[in-house]
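Student: Here you go, sequence then predicted model.
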Amino acid sequence: MRTRLPIIPIFFAFIVSNMAFGQTSKVISGSTNFKVKYVLGTCDGTFDAPKGEAVFNEKSPENASFNIDIAANTFKTGNNSRDKDMKSEKYFDVEKYPNIHFKSTKVEKRSGKYEATGKLTIRDVTKTVTLPFEAKKNSDGTYALSSTFEVNRLDYKVGTKDWKLKDVVTVDLKAVIK
């Protein structure tokens, strides 16, 4: 008769390693805000909250990973004409490229903050970027993550060089994962 005792330590080790290194979570809420300077001042806008999966535990950031999307067609600035133009093929081309995507390849903790390095895809351009972020564990076990970073829109073929619109866009991304 075979005993199942050797399986118990393996199962226990699997459970403990998942607890120590984080577990796959879903982004349950958040926001995506941006601002870009133009000839008349600063244009503020939003996209819907990011969606996707995350693995994160502050005790083992090296085992963290992020795979998130932002729906490009949710672009809003409060000006319907501008929003329609930004969704056209001239800028985001949301019909052809419906999502802005980030997938991490490495996460590190540096000087009390975290950095997620990975591939950012906007339109049909993918570039390696490092996004700084902060993480706070909430009392309900969720994590609140926030990142502020800059993106050069021309690097991703979002519009063309234009004296009326600056090239660098500041993005403020927030997500709660559970």
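Tutor: Yep, it's here. Residues are numbered from 1 along each chain as shown.
Student: hey, let's count contacts and neighbours off CA atoms from now on
Tutor: Fine.
Student: Tell me which stretches of this structure form strands.
Tutor: For the chain, the strands defined by DSSP state E occupy 24-38, 41-47, 51-55, 65-71, 99-110, 113-122, 125-137, 143-152, 168-177.
Student: can you list contacts of the last one?
Tutor: If you take CA atoms under 8 Å, 6 or more residues apart in numbering as the criterion, strand 168-177 is touched by 25-37, 49-50, 54, 142-153.
Student: Mind giving me the ChimeraX command for buried ones among those?
Tutor: A single ChimeraX command selects the buried members of these (16 or more other CA atoms under 10 Å):
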select :25,26,27,30,31,32,33,34,35,36,37,49,50,54,143,144,145,146,147,148,153
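Student: so where's this structure shaky on pLDDT?
Tutor: 1-23 (pLDDT under 70).
Student: tell me which residues of stretch 43-62 are tucked away?
Tutor: 45-58, 61-62.
Student: Can you tell me which of those residues is closest to residue 92?
Tutor: residue 47 (12.2 Å; CA to CA).
Student: got a list of what the closest residue to residue 35 other than its chain neighbours touches?
Tutor: Closest residue to residue 35 apart from its sequence neighbours, by CA to CA, 6 or more residues apart in numbering: residue 44 at 4.4 Å. Going by CA under 8 Å, 6+ apart, residue 44 touches 33, 34, 35, 36, 77.
Student: Return the set of residues that bridge with the first one.
Tutor: If I follow you right, that is residue 33. With DSSP bridges as the criterion, residue 33 is bridged to residue 46, residue 172.
Student: I'd say it and residue 45 touch.
Tutor: Yes: in terms of CA atoms under 8 Å, residue 33 counts as a neighbour of residue 45; the distance is 5.8 Å.
Student: can you put the strands of the chain in TSV and add distance to residue 90?
Tutor: Formatted as TSV, those follow (distance: least, CA to CA, whole Å):
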stretch	distance to residue 90
strand 24-38	17
strand 41-47	18
strand 51-55	25
strand 65-71	17
strand 99-110	16
strand 113-122	13
strand 125-137	14
strand 143-152	16
strand 168-177	17
